[in-house]
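Enquirer: All I have is the shape, not the residue letters:
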């Protein structure tokens with residue numbers, strides 16, 4: 001089940017590029033979040049019909065950060081290769097313990113230094129041109145990973161509050177993210193319907209499978225495995241993204257870029273594997289968000 005939804009998320013970069021051919025960035029996000037929100041309401045109405053004001057307050061905050069994640073991701077997909085977008089967006093695993101240290105002063109694990117070195121070399125090999133410059137899309141994808149790390153960290157802090165219902169936050173942040181993107185769509189883009197069948201199909205798949213169903217399926221699947229195992233499985237997301245980009249968009253990377261991608265995957269795996277037998281902080285935090293709030 002986890003491999004299935006990881007494949008969904010890997011394919012989401014290609015589906016996003018198809019969707020953006022006929023609708024704007026904010027409009028796409030509005031469709032994606034609003035459809036996913038109403039799908040969740042339809043399935044879990046009895047469970048979410050009574051929600052506290054404090055939960056709604058935090059849902060607005062997290063929905064705002066989540067909107068930033070997807071706006072940056074969509075800009076990245078629009079202005080860089082799909083393979084680059086998949087690999088760079090996965091850097092949230094590396095940025096999360098750094099964000100935790102900044103906000104909570106919790107000392108990160110020593111292996112973070114090794115991961116950062118490998119990751120930095122990998123990003124350079126993957127993104128830098130002959131002029132030693134990353135594309136604007138690459139920078140947006142890195143910003144996406146930073147925003148997602150912030151989202152993971154804030155969520156981990158919020159859902160531990162006794163007065164907050166984590167499941168309610170998981171649902172209502174989708175609604176607020178959709179509403180916020182709809183407002184920006186009206187102001188900046190002007191909402192529009194997809195004008196091609198492939199774009200309409202891509203939007204529906206993104207909304208239903210990559211967002212709504214993925215959230216429900218992962219919540220169920222993670223009851224039967226460990227956070228570290230989940231983290232390692234989810235590192236396959238950028239691999240699937242590269243495979244889908246090759247199969248459907250004909251993308252072929254330079255040999256050095258493939259080596260850089262390999263180093264990035266290695267850095268993520270190092271962060272997720274539990275070498276000491278103690279709880280893996282990055283993986284535990286990742287499970288907290290992925291189990292309740294991811295997509």
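Expert: All right, it came through fine. Note that the structure is a prediction, hence the values are computed from the model and not measured.

Enquirer: which regions of the chain lie under the pLDDT threshold?
Expert: Scanning the chain with the threshold set as pLDDT under 70 gives 130-132, 215-216, 218-223, 225-232, 274-295.

Enquirer: Just checking the distance from the lengthiest helix in it to the centre of its chain.
Expert: Looking across the chain with DSSP state H, the single longest helix is helix 53-79. Remark: helix 53-79 is offset 10 Å from the chain centroid, using CA atoms, centre = their mean, to the nearest Å.

Enquirer: Could you count how many residues lie near residue 205?
Expert: If you count neighbours by other CB atoms under 10 Å, residue 205 ends up with 17. Where C-beta positions appear, they are placed from N, C-alpha and C, glycine not excepted.

Enquirer: And for residue 250?
Expert: If you count neighbours by other CB under 10 Å, residue 250 ends up with 7.

Enquirer: try residue 93
Expert: Counted with other CB under 10 Å, residue 93 comes out at 27.

Enquirer: so how far is residue 234 from it?
Expert: Using CB to CB, to the nearest Å, one gets 8 Å for the distance from residue 93 to residue 234.

Enquirer: same check, this time on residue 114
Expert: Distance from residue 114 to residue 234, by CB to CB: 20 Å.

Enquirer: So if I had to pick from those two, which one is more boxed in?
Expert: The residue with more neighbours, out of residue 114 and residue 234, is residue 234; 24 against 14, by other CB under 10 Å.

Enquirer: Spatially, what comes nearest to that one if we skip its sequence neighbours?
Expert: Distance criterion CB to CB, 6 or more residues apart in numbering; nearest residue to residue 234, sequence neighbours excluded, is residue 6 at 5.8 Å.

Enquirer: residue ranges for the strands of the protein, please.
Expert: Remark: no strands are assigned in the chain by DSSP state E.

Enquirer: in it, which spans are helices?
Expert: Per DSSP H, the chain carries helices over the ranges 2-19, 25-48, 53-79, 82-89, 92-104, 111-127, 136-158, 166-184, 197-207, 214-221, 227-234, 236-249, 255-272, 281-292.

Enquirer: Identify whichever of the ones you listed lies nearest to residue 191.
Expert: Proximity to residue 191 (CB to CB) singles out helix 25-48 among these, at 5.4 Å.

Enquirer: wait, what's in contact with the residue nearest to residue 192 when sequence neighbours are not counted?
Expert: The spatially closest residue to residue 192, leaving aside those adjacent along the chain, is residue 23, at 5.7 Å (CB to CB, 6+ apart). Going by CB atoms under 8 Å, 6 or more residues apart in numbering, residue 23 touches 31, 192, 193, 194, 199, 203.

Enquirer: That concludes my questions; thank you for your assistance.
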